[in-house]
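*Asks:* Model the structure of this input:
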Amino acid sequence: MIRKRNSGCSFSSGSSSSTMSFGVLDEQSFRLCCQLLLQQSEQLNDGWSWEAVKGSEEGYLKKTALRSVIIDSSTEWDLEGSDSDTHTSCQETEKEQSAPASIDDAGNIKGDLEEDEDDEDDGVCAESSGSSQVLQYEYHILFSCSYSAPVLYFRATTLEGRSLSLEEVWSSVHPNFRLRLQRSPLNTITLQEHPLLGQPFFMLHPCRTEEFMSPVLQAAHHQHRPVNYVLSWLSVVAPLVGLEVPLNYCTLLRPAASPD
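*Replies:* Residues are numbered from 1 along each chain as shown. Here you go, the predicted structure:
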């Protein structure tokens, strides 16, 4: 059974501040957010579906997409993750880049990331010498009871069915995000076993999700805006792995009634 935490963070911004623990999510609220995202996805024909695990009450959101990416196999990547020297700077940067209160502000986060990467390495956006390939990506959104947050798992294969290695996945990441992905615990890409399927998947580590989602929920609460936790979170992390989140989602949000 999935362990739950008492948080009260759902897609409604009208929750009482005395009972809301900003930035964390419980399983029930995760399910509600997923249901709303699925309804909106159907309206927008965005391709998300809910996959139930046979013989279990658990499940996950799933989407597949084709992407044309450049794979530069000649580059060696540092796959060791973040070290203690960069922990503080990453933490400060993430606070400055707090996630938007609604999905229509997600472009601002993406723009900030691109500007930061231009400052850090003037040559990082140079044209790659790799080859362009069409790949099939499969994205899964699961609930993590350990972090009380959604987690993005994904895998990528060629049209012939060959799975990409971790090095190839790093190579396919947009240059503007590459350095930050390797340095920040929030965005580190690792190869993990899918907790529900038992198969190898790549994962964006969720250890900083609470930190960057807290401003989202606080702003929505103070401004009486409706906010879907999962959708707002996805609008921030999805561009890092090439997953598009249409801005039309924000037009489908409707104010939720505040509790008496």
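
*Asks:* Can you show me the strands along the protein?
*Replies:* 49-52, 59-71, 131-144, 149-158, 189-193, 200-204 (DSSP state E).

*Asks:* Not counting the shortest one itself, show me its contacts.
*Replies:* When you say that, I think you mean strand 49-52. 34, 38, 58-63, 140 (C-beta atoms under 8 Å, 6 or more residues apart in numbering). Any C-beta I mention is one placed from the backbone N, CA and C, and that applies to glycine too.

*Asks:* can the strands of the chain go into TSV with extra columns for mean neighbour count?
*Replies:* What follows is the strands of the chain, written out as TSV (neighbours: other C-beta atoms under 10 Å):
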stretch	mean neighbour count
strand 49-52	13
strand 59-71	16
strand 131-144	18
strand 149-158	20
strand 189-193	14
strand 200-204	18
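
*Asks:* closest to residue 29 out of those strands?
*Replies:* strand 131-144 (9.4 Å; C-beta to C-beta).

*Asks:* name the helices or strands packed onto that closest one?
*Replies:* Counting contacts by 3 or more C-beta pairs under 8 Å, 6 or more residues apart in numbering; DSSP states H and E, strand 131-144 is packed against helix 27-44, strand 59-71, strand 149-158.

*Asks:* What's the mean pLDDT across that strand?
*Replies:* Averaging pLDDT along strand 131-144 gives 93.

*Asks:* Check which strands are paired with that strand and give the direction for each one.
*Replies:* strand 59-71 (antiparallel), strand 149-158 (antiparallel) (DSSP bridges).

*Asks:* tell me, which of those is the model least confident about?
*Replies:* Note on those: strand 59-71 shows the lowest mean pLDDT, a mean of 92.

*Asks:* and for that one, what are the contacting residues?
*Replies:* 34, 37-38, 46-53, 128, 130-142, 164, 168, 171-172, 196, 230, 242-244.

*Asks:* Give me the angle between that strand and helix 27-44.
*Replies:* 60 degrees (axes from the mean of the first three to the mean of the last three C-alpha atoms, to 10 degrees).

*Asks:* so what's the closest residue to residue 195 other than its chain neighbours bridging to?
*Replies:* In space, residue 195 comes closest to residue 142 once its chain neighbours are excluded; the distance is 6.5 Å by C-beta to C-beta, 6 or more residues apart in numbering. Note on residue 142: beta-bridge partners by DSSP bridges are residue 151.

*Asks:* check contacts around residue 142.
*Replies:* Residue 142 makes contacts with 60, 150-151, 153, 195-196, as judged by C-beta under 8 Å, 6+ apart.

*Asks:* one more time with 10 Å, if that's ok
*Replies:* The contact partners of residue 142, taken as C-beta atoms under 10 Å, 6 or more residues apart in numbering, are 30, 58-61, 149-153, 194-197, 201, 203, 206.

*Asks:* What distance do you get for it to residue 133?
*Replies:* Between residue 142 and residue 133 the computed distance is 27 Å (C-beta to C-beta, to the nearest Å).
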